[in-house]
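Undergrad: here are the coordinates; sequence isn't available:
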């Protein structure tokens, strides 16, 4: 029997997604040269803006190179090899890529500064810092982060806190210099506190720590459920119940430590007697109850400082891959471009298109 169009009863579909053969595209520009028949002077037509060499790479190609180096953290020599393998481009000198990155950072300097201004204006900002190897020495990378902006600063001392924060809330760990920020409210990272409590539960067997851990976890669960339901605040009765549980755990802990023998003081030591880690944590929880439970009163304040820690994580990956920066200027260039890239990512912008755009276009896209 012959199978023809009349016997078709349906169709089965299968799709294959693949990459087209992408080769680098060369555009040749020709500028006419005119010669005056009287004076024999020559007049040359103008080339398009940016076309300055007999042979050069275009802005999209440079953006792709910067993207691989800054966003994907691929070192310069491997970036050059990747572009050659992917697009058939002549092997790029790593020094050229370094120059492209520096030029892009210079072009986006005003965008970077404006990001710093906008993140300082946010109601809730996250602060954190991490060590960085720069010019063979340990220096520090700081971040000030919000939900839609990331602002990095490289090469400053660890205690170099931002000086332009007024009003609103800053979320951070218990790093002492941050407490010098007097013009803002503070919220402490409860992920850090939970880690300390877990250590006290597992190793020191302190009974109050489990109660405090449960208070914080239960409070966070209730706030998350209320926020998901569209509420803007908890009832005063619910807040009061959690505060009472909080103080009950603190009182139990302080009573527990009063019963413990005092630690022996070193004969050569001066100042206050040494306290156990659990007692030190209790004193912080007692003194900074408002900062610890701020998420309970204000739904805009998160339970942890994970946002800043996530923003720093990829910067640490860069150091693991490349081992650090040879110069402070190189670290600052990287911090500037990563600020733009991270901000673009938070705002769901295409990173490659952002790096290929003009500074004016980037400013309008990210800061408008």
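TA: Noted; the coordinates are in hand. Quick caveat: nothing in here was measured; it's all calculated off a predicted structure.
Undergrad: low-confidence ranges, the chain, go.
TA: Scanning the chain for pLDDT under 70 picks out 1, 267-271.
Undergrad: show me which strand runs longest in it.
TA: Among the elements of type strand in the chain, defined by DSSP state E, the one spanning the most residues is strand 124-134.
Undergrad: report the buried residues of that one.
TA: Neighbour-count burial for strand 124-134, counted by 16 or more other C-beta atoms under 10 Å, picks out 124-130, 132, 134. For the C-beta atoms, the positions are set from N, CA and C on the backbone; glycine is no exception.
Undergrad: okay, those in a markdown table with distance to residue 51 next?
TA: Compiled in a markdown table, those are given as follows (distance: C-beta to C-beta, whole Å):
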| residue | distance to residue 51 |
| --- | --- |
| 124 | 46 |
| 125 | 43 |
| 126 | 43 |
| 127 | 45 |
| 128 | 44 |
| 129 | 43 |
| 130 | 42 |
| 132 | 38 |
| 134 | 37 |
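Undergrad: ok, so of those, who is nearest residue 70?
TA: residue 132 (15.8 Å; C-beta to C-beta).
Undergrad: ok, and the closest non-adjacent residue to that closest one?
TA: Once flanking residues are discounted, residue 132 sits nearest to residue 141: 4.6 Å by C-beta to C-beta, 6 or more residues apart in numbering.
Undergrad: would you verify that the one you found is located in a helix?
TA: No. Counting by DSSP: H, G, I helix; E, B strand; the rest coil, residue 141 is not part of a helix but strand.
Undergrad: surely it and residue 315 touch.
TA: Yes. At 5.8 Å, residue 141 counts as touching residue 315 under the criterion of C-beta atoms under 8 Å.
Undergrad: now for these two: what residues contact both?
TA: Common contact partners of residue 141 and residue 315 (C-beta atoms under 8 Å, 6 or more residues apart in numbering): 130, 132, 152.
Undergrad: how about a markdown table for those, with distance to residue 347 added?
TA: Formatted as a markdown table, the shared contacts of residue 141 and residue 315 follow (distance: C-beta to C-beta, whole Å):
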| residue | distance to residue 347 |
| --- | --- |
| 130 | 24 |
| 132 | 26 |
| 152 | 16 |
